[in-house]
Structures are given as structure tokens and as C-alpha cells.
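Q: The following comprises the amino acid sequence and a computationally predicted model.
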Amino acid sequence: MSFRLTNPQSTEHVLRDIHVLFSSAEKRMPIPYSPLAIANEFVARHAQDDGIEHMKLQKLVYCANGWWLVSHSDHPLVSELPEVWKYGPVFPSLYSVLKVFGRAPITMVQSRGPFDTPDRVDEDDEETLTLVEWVWGRYGHLSSFALSDMTHKKGTAWERLASEHSFLVPEGLDIPSSYIRDEFKGIYDREPGFRVA
């Protein structure tokens, strides 16, 4: 997109109009996505009736990233690693945005600030959008606490890393993508006839 200014004094107005044009639409992003972009897809597609709790969104984003890593080990779905927290893996940037909800259901896509547009998956990224639907179909019926239990039980990336630290985990400990991939590849290998979207 290019602009030609016929009146140099109108530069300020053109820049303001460009800002309005691009900030009024939802911000579509390339891979890797922010954890918020993936969470917003779950909300946009499945939260209209009852909403989705913050903790459940954390675990759904974790699962989406884990399944993505099974077939895309060199290219993570999300732009940050989850950390080892008490109730399983947590993406700190997603926590920062959604913590204000507590356990209340989230029914609308969220942004980082009042004047920011919500992060979203690129509408042409059929592979990621298909994955979001597949993950919802597999895990969407589970409660926040069932997903939390599932993501930090024995054999998970969370448990593996926590046990390496004798369960005295330092704050801010990232779960490596290789551990997450191993966790989900193990599920894939254990279930005969299993297919990822």
C-alpha cells in the first residue's frame, strides 16, 4: 500500500487515518502466534454461550502447541515457552492479560490493553485454525481442573522438569519445546490409529 501526499501539511491527518485503518481491525499475526492469539481463537469459536475460564484457556493453548510440535518440531506454534507453575504449564503473557477474570468465564476476545486490537490467528491459516478446532473437539469438554490435572501428571513435560528440580522449581522456569513435543509424541505413539488434524 502506498500513499502520495499532495499537501505536505496533511501528513499528520494521513498518518492518523492510517493508524485508525489498521488499529480498527483485529490484529492478524503470522506463526509463531502469541499465546493470546491462540486463546482468542478458542474464545471466538467456542465461548459464546458459557465462556471459557482462564485456566482452561491456558491448558488449551498448551495442548495446541504440544500437538503442533508433534509434526512441526522446529517451528513452535506460540512465541513463548510455558513455565512450570503450581497447577501446570502457564504462559506468563497470557496470564498477565487474563488474570483479571479470576475464575469468571471469558466470553469475548481479549487485547493486551484498552487501545490494542486483539491478537488473532491469520484467517488464511487453515492449518492452525483446524488445529484449534481439533484441540477443542478433544479437550473442550473437560473442566479447567481436569485439564490442569492432565497437564501436570506423571510423564508430562511439567512433571519431568519439576522432578528434575526435586519439585523445588525456581520461579520463571521455562518448559523446553523438546519436552512438550516428547509428551505429545508419546500420546500419539500410545494411541493406535491416532491422527492429528
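A: It's in. Everything numeric in this text was worked out from a predicted model, so none of it was measured. Residues are numbered from 1 along each chain as shown.

Q: Please, where are all the helices along this structure?
A: With DSSP state H as the criterion, the chain has helices at 11-23, 35-46, 54-71, 92-98, 126-139, 144-151, 157-164, 177-190.

Q: Distance to Ala104 added to these, as a markdown table?
A: For the C-beta atoms, the positions are set from N, CA and C on the backbone; glycine is no exception. As requested, the helices of the chain are exported to a markdown table (distance: least, Cβ to Cβ, whole Å):
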| stretch | distance to Ala104 |
| --- | --- |
| helix 11-23 | 27 |
| helix 35-46 | 13 |
| helix 54-71 | 8 |
| helix 92-98 | 10 |
| helix 126-139 | 20 |
| helix 144-151 | 12 |
| helix 157-164 | 25 |
| helix 177-190 | 28 |
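
Q: Throw those helices into CSV and include mean neighbour count and distance to Pro82, thanks.
A: CSV is the format used below for the helices of the chain (neighbours: other Cβ atoms under 10 Å; distance: least, Cβ to Cβ, whole Å):
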stretch, mean neighbour count, distance to Pro82
helix 11-23, 11, 29
helix 35-46, 24, 8
helix 54-71, 25, 6
helix 92-98, 18, 8
helix 126-139, 17, 15
helix 144-151, 18, 9
helix 157-164, 18, 8
helix 177-190, 17, 8
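
Q: of all those helices, which lies closest to Val109?
A: helix 35-46 (4.2 Å; Cβ to Cβ).

Q: and the closest one, what does it pack onto?
A: Applying 3 or more Cβ pairs under 8 Å, 6 or more residues apart in numbering; DSSP states H and E, one finds that helix 35-46 contacts helix 54-71, helix 92-98, strand 119-121, helix 126-139.

Q: and these as a markdown table, adding distance to Glu41 and mean pLDDT?
A: Converted to a markdown table, these look like this (distance: least, Cβ to Cβ, whole Å; pLDDT from 0 to 100):
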| stretch | distance to Glu41 | mean pLDDT |
| --- | --- | --- |
| helix 54-71 | 9 | 97 |
| helix 92-98 | 13 | 98 |
| strand 119-121 | 5 | 97 |
| helix 126-139 | 5 | 97 |
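
Q: any idea how far the residue nearest the centre of the chain lies from Leu77?
A: Ranked by distance to the mean C-alpha position of the chain (Cα atoms, centre = their mean), the top residue is Pro35 at 2.9 Å. From Pro35 over to Leu77 the distance is 9 Å, taken as Cβ to Cβ, to the nearest Å.

Q: do the same with His165
A: Distance from His165 to Leu77, by Cβ to Cβ: 26 Å.

Q: For the two, indicate the residue with more neighbours.
A: Leu77 (24 against 11; other Cβ atoms under 10 Å).

Q: Just read off the phi/psi values of that one.
A: phi -70, psi -40 (degrees, to the nearest 10).

Q: where does this protein dip in pLDDT?
A: 1-29, 192-197 (pLDDT under 70).

Q: Look up the closest residue to Leu81, ignoring the ones flanking it.
A: Asp174 (4.0 Å; Cβ to Cβ, 6 or more residues apart in numbering).
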